[in-house]
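Engineer: for reference, the sequence and a predicted model appear below.
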Amino acid sequence: MARGKRKGIADIIGEEIDGQEKKKKEPQQKMKIRSEGKKMADEFNNKGKIPNGFLKILNLQDFDEKKNIKAVTLANGNFCVVRVGELIYVCDCNSTAYKYPLIDGELFNGPGGASIRSPFDGTSYDLTTGKVIEWCPQDTLPRKMLGKLKENATPVDLGVYPVIVDEQGDIYASFVQ
């Protein structure tokens, strides 16, 4: 820093960060990506850079060991980042039937693989495609009432988004259609 020049907040914060011992991140495997983002994944694996349109939303270390669903709020809405084994999924935060948050959703192995079920109305979705597996099942007394209300409604798929996880564990998603 030049003599006589005052320190700004960025200088002070930078000194504090530089003075702290940085956490070592364990190297992660190259990303595992689902088919809808295959072209982007190939570009990432070949060039080592994140393709345009992908936004960093989280790091694998941000997950709690006991909780495999993490809610994130971005400028374009609320989303759930879901970890199932070594795979990461990003989906809309609320179920499509009653707009109930999926943060406490039940993860299970559905017909197409990783799936999530709304704890409120029981609607379940495939996390790879967003397709509805079961729409408002009437398997409990409260759900019978909820199911009756949605009986004639057309099931609406859950929004799911392509994901890339880099070697440092940073999770990127694309929300561009």
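Structural biologist: Received it, and whenever you're ready, just let me know what you need.

Engineer: how confident was the prediction at Ile133?
Structural biologist: pLDDT recorded at Ile133 is 96.

Engineer: surely it and Gly110 touch.
Structural biologist: Yes: between Ile133 and Gly110 there is a contact under C-beta atoms under 8 Å: 5.2 Å. C-beta coordinates here come from the backbone N, C-alpha and C atoms, glycine included.

Engineer: so how far is stretch 59-77 off the chain centroid?
Structural biologist: Remark: stretch 59-77 is offset 7 Å from the chain centroid, using C-alpha atoms, centre = their mean, to the nearest Å.

Engineer: looking at the chain, which helix or strand is least sure?
Structural biologist: When the helices and strands of the chain are scored by mean pLDDT, DSSP states H and E, helix 9-19 comes last with a mean of 45.

Engineer: returning to what we had before: shared neighbours of Ile133 and Gly110, anything?
Structural biologist: Residues within reach of Ile133 and of Gly110 at once, by C-beta atoms under 8 Å, 6 or more residues apart in numbering, are Ser124, Asp126.

Engineer: what comes up buried for the lengthiest strand in the chain?
Structural biologist: With DSSP state E applied, the strand covering the greatest number of residues in the chain is identified as strand 77-84. Using 16 or more other C-beta atoms under 10 Å as the test for burial, strand 77-84 gives Phe79, Cys80, Val81, Val82, Arg83, Val84.

Engineer: angle of the next helix or strand after it against strand 77-84?
Structural biologist: Using DSSP states H and E, the helix or strand that follows strand 77-84 towards the C-terminus is strand 87-92. Put simply, strand 87-92 runs at 160 degrees to strand 77-84, going by axes from the mean of the first three to the mean of the last three C-alpha atoms, to 10 degrees.

Engineer: who are the packing partners of the helix or strand following strand 87-92?
Structural biologist: Remark: after strand 87-92, the chain's next helix or strand is strand 106-110, criterion DSSP H and E. Helices and strands touching strand 106-110, by 3 or more C-beta pairs under 8 Å, 6 or more residues apart in numbering; DSSP states H and E, are strand 113-117, strand 124-126.

Engineer: which of those strands is buried the deepest?
Structural biologist: Highest mean neighbour count among the helices and strands packed on strand 106-110 (mean count of other C-beta atoms under 10 Å): strand 124-126, with a mean of 24.
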